[in-house]
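Participant: got a predicted model here, sequence first, then my questions.
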Amino acid sequence: MPLADFLGALKDNPYFGAGFGLVGVGTALALARKGAQVGMVFFRRHYMITLEVPSRDKSYHWLLSWITKHAKHTQHLSVETSYLQHESGRVNTQFDFHPSPGNHIIWYKRKWIRVERTREKQMVDLHTGTPWESVTFTALGRDRDVFFSILREARELALKQEEGRTVMYTAMGAEWRPFGFPRRRRPLRSVVLEHGIAERIVDDVKEFIANPKWYIERGIPYRRGYLLYGPPGCGKSSFITALAGELGYSICLMSLSDRSLSDDRLNHLLSVAPQQSIILLEDVDAAFISRELLPTENPLAYQGMGRLTFSGLLNALDGVASSEARIVFMTTNFIDRLDPALIRPGRVDLKQYVGYCSRWQLAQMYGRFYPGEPAAEGERFAERALAVQPELSAAQVQGHFMLYKMDPAGSIENVEKIEH
Ligand SMILES: Nc1ncnc2c1ncn2[C@@H]1O[C@H](COP(=O)(O)OP(=O)(O)OP(=O)(O)O)[C@@H](O)[C@H]1O
């Protein structure tokens with residue numbers, strides 16, 4: 001019997017007919033489900049808009065804070081603990097709540113937005129050891145503006161939270177990560193350099209930032225290099241930190257003697273440094289010494305301590321260019337140990353010696369530390385201090401004042417006790 005006839009006969013059979021009826025309902029249900037799925041896909045594709053933000057994206061943490069602010073009624077939170085350091089050195093612990101993994105619904109600009117935070121169990125960020133995460137925003141409609149608006153708000157919120165602080169970044173693998181306690185901005189006037197030096201550098205940097213057109217019109221890469229050199233403890237790093245605060249910039253701190261630093265990595269890091277940041281290469285002399293000082297003519301000997309080569313460093317510095325103002329600061333205690341190629345104009349445009357305290361500086365420091373004291377006392381301190389030790393670093397002087405916090409006269413009487 002042909003198969004069709006056989007099925008027909010079964011259908012007419014009173015025992016099997018009902019079964020066929022059920023099969024019919026089952027098929028109809030399956031079809032309806034399939035139809036609904038297709039309909040859903042169609043609906044999602046045409047009437048819903050989604051935005052996925054992975055945790056490696058810069059905006060990820062901003063968005064978490066934004067979600068916390070807007071998902072006020074969510075009861076599923078996770079905590080992130082951070083520390084905040086005051087100028088006095090006191091550390092405050094701060095707890096930030098973030099939406100926990102799962103779904104959250106937010107009412108925003110007359111739209112319901114579903115936010116899904118997902119955490120990968122299998123995949124871990126090798127640099128931080130934290131699991132990969134992402135947040136996905138889903139909204140009805142096709143209007144992308146809602147996402148732009150969320151991103152903009154999240155960024156503004158983050159900037160507001162950073163206001164008054166200087167963010168320090170350090171290189172982790174192929175990217176920059178904020179590290180340490182967020183620092184309260186150090187006021188420029190708290191770093192006392194020799195008369196006119198701070199103004200010279202601040203004016204130069206500000207002028208540079210304000211004139212991108214000048215560089216573009218001349219086809220000159222929009223970057224500027226600075227070298228501060230001089231004995232330890234005279235304020236090179238403190239000044240750069242205060243300058244970053246003055247400009248509202250962050251600092252990307254990098255050690256060239258890091259053994260894991262290769263030419264490619266340095267090149268990459270310099271090109272992906274966060275916007276509005278100063279790249280600070282401290283103690284550049286520690287990584288490379290001048291070819292002229294090497295005992296051998298073998299060029300292979302002129303390698304850095306790690307996998308970074310000198311030519312790799314020069315290339316990376318030359319390659320630093322972007323539409324953003326790119327500011328590189330280098331510091332050293334030994335300028336004569338640096339290869340002239342490293343500090344030629346174009347790589348270093350402004351060199352500044354930051355040396356031991358002058359008489360003027362000492363009097364200024366005294367006045368800042370003991371604001372109620374007459375100016376003549378500052379002069380007296382400066383004169384006596386220089387008579388005892390002509391080469392005093394600001395760090396030594398500051399340390400001395402700290403011992404006589406409440407005793408300005410004592411700091412003058414005991415000037416010979418300033419620590420070497
Ligand atoms: N000119 C200055 N005015 C006020 N404080 C200063 C000054 N110079 C140094 N200090 C204080 O001394 C300490 C060390 O200073 P800093 O690290 O800036 O010196 P540096 O020149 O960068 O030293 P190094 O060459 O060892 O890196 C800081 O705590 C800083 O507050």
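Facilitator: Great, that's in hand.
Participant: can I assume Arg186 sits in a helix?
Facilitator: No - applying DSSP: H, G, I helix; E, B strand; the rest coil, one finds Arg186 to be coil, outside a helix.
Participant: quick one: low-confidence parts of the protein?
Facilitator: Filtered on pLDDT under 70, the chain yields the residue ranges 1-26, 43-45, 72-75, 80-97, 121-130, 180-182, 289-306, 321-324.
Participant: how about the nearest residue to the spatially most central residue of it, chain neighbours excluded?
Facilitator: Note on the chain: the residue nearest the mean C-alpha position is Tyr169, at 4.2 Å, using C-alpha atoms, centre = their mean. Once flanking residues are discounted, Tyr169 sits nearest to Trp176: 4.1 Å by C-beta to C-beta, 6 or more residues apart in numbering. Just so you know, the C-beta spots here come from the backbone N, C-alpha and C atoms, and that holds for glycine as well.
Participant: what pairs with the helix or strand where that neighbour lies, parallel or antiparallel?
Facilitator: In the assignment (DSSP states H and E), Trp176 maps to strand 175-178. Its sheet considered, strand 175-178 pairs with strand 168-172 (antiparallel) by DSSP bridges.
Participant: buried stuff in the strand it pairs with?
Facilitator: Neighbour-count burial for strand 168-172 flags 168-169, 171 (criterion: 16 or more other C-beta atoms under 10 Å).
Participant: in PDB, list the C-alpha atoms belonging to that strand.
Facilitator: Only the C-alpha atoms of strand 168-172 are listed here, as PDB (Å, rounded to 0.1, in the frame of the first residue of the first chain):
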ATOM      1  CA  MET A 168      47.300  58.700  37.300                       C
ATOM      2  CA  TYR A 169      47.600  55.900  34.800                       C
ATOM      3  CA  THR A 170      50.100  53.100  34.500                       C
ATOM      4  CA  ALA A 171      50.700  50.800  31.600                       C
ATOM      5  CA  MET A 172      49.200  47.300  32.000                       C
END
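Participant: now do it: everything it contacts.
Facilitator: Under the criterion C-beta atoms under 8 Å, 6 or more residues apart in numbering, residues 127-128, 176-180, 183, 250-254, 258, 261, 265, 269, 273-274, 277 lie in contact with strand 168-172.
Participant: find the closest residue to the ligand in the stretch 101-250 of the chain.
Facilitator: Residue of the stretch 101-250 of the chain nearest the ligand, by C-beta to the nearest ligand atom: Gly235 (2.8 Å).
Participant: tell me, how many residues neighbour that residue?
Facilitator: Gly235 has 26 neighbours, counted by other C-beta atoms under 10 Å.
Participant: how about Ser358?
Facilitator: Number of residues near Ser358 (other C-beta under 10 Å) recorded here: 16.
Participant: helices and strands around the strand ranked longest in the chain, which ones?
Facilitator: In the chain, with assignment by DSSP state E, the single longest strand is strand 111-124. Contacts defined by 3 or more C-beta pairs under 8 Å, 6 or more residues apart in numbering; DSSP states H and E place strand 111-124 against helix 60-70, strand 102-108, strand 131-140, helix 145-162.
Participant: most tightly surrounded among those?
Facilitator: Here the criterion is mean neighbour count by mean count of other C-beta atoms under 10 Å, and of the helices and strands packed on strand 111-124 the winner is helix 60-70, at a mean of 20.
Participant: who touches that helix?
Facilitator: Helix 60-70 is contacted from outside by 53-54, 77, 96-99, 104, 106, 108, 115, 117, 133, 135, 150-151, 153-155, 157-158, 161, using C-beta under 8 Å, 6+ apart.
Participant: need the buried residues of strand 168-172 in CSV (columns: distance to the ligand).
Facilitator: Listed next are the buried residues of strand 168-172 as CSV, based on distance: C-beta to the nearest ligand atom, whole Å:
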residue, distance to the ligand
Met168, 14
Tyr169, 18
Ala171, 19
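Participant: go through stretch 258-274 and flag the buried ones.
Facilitator: The neighbour-count check on stretch 258-274 (16+ other C-beta under 10 Å) flags 258, 261-263, 265-270, 273-274 as buried.
Participant: roughly how far out does it sit from the chain middle?
Facilitator: Centroid displacement of stretch 258-274 relative to its chain, using C-alpha atoms, centre = their mean, to the nearest Å, is 14 Å.
Participant: do stretch 371-390 as well
Facilitator: Relative to its chain's centre, stretch 371-390 lies at 40 Å (C-alpha atoms, centre = their mean).
Participant: any part of that stretch near the ligand?
Facilitator: No - taking C-beta under 6 Å from any ligand atom as the criterion, stretch 371-390 and the ligand are apart, separated by no less than 13.9 Å.
Participant: if we can go back for a sec, ok, and which of the buried residues of stretch 258-274 reach the ligand?
Facilitator: Near the ligand, by the rule C-beta under 6 Å from any ligand atom, you find none of these.
Participant: among the residues you listed, name the ones in helices.
Facilitator: Using DSSP state H, the members of those that fall in helices are 263, 265-270.
Participant: that older thread, quick one: closest of the helices and strands packed on strand 111-124 to Leu193.
Facilitator: helix 145-162 (26.3 Å; C-beta to C-beta).
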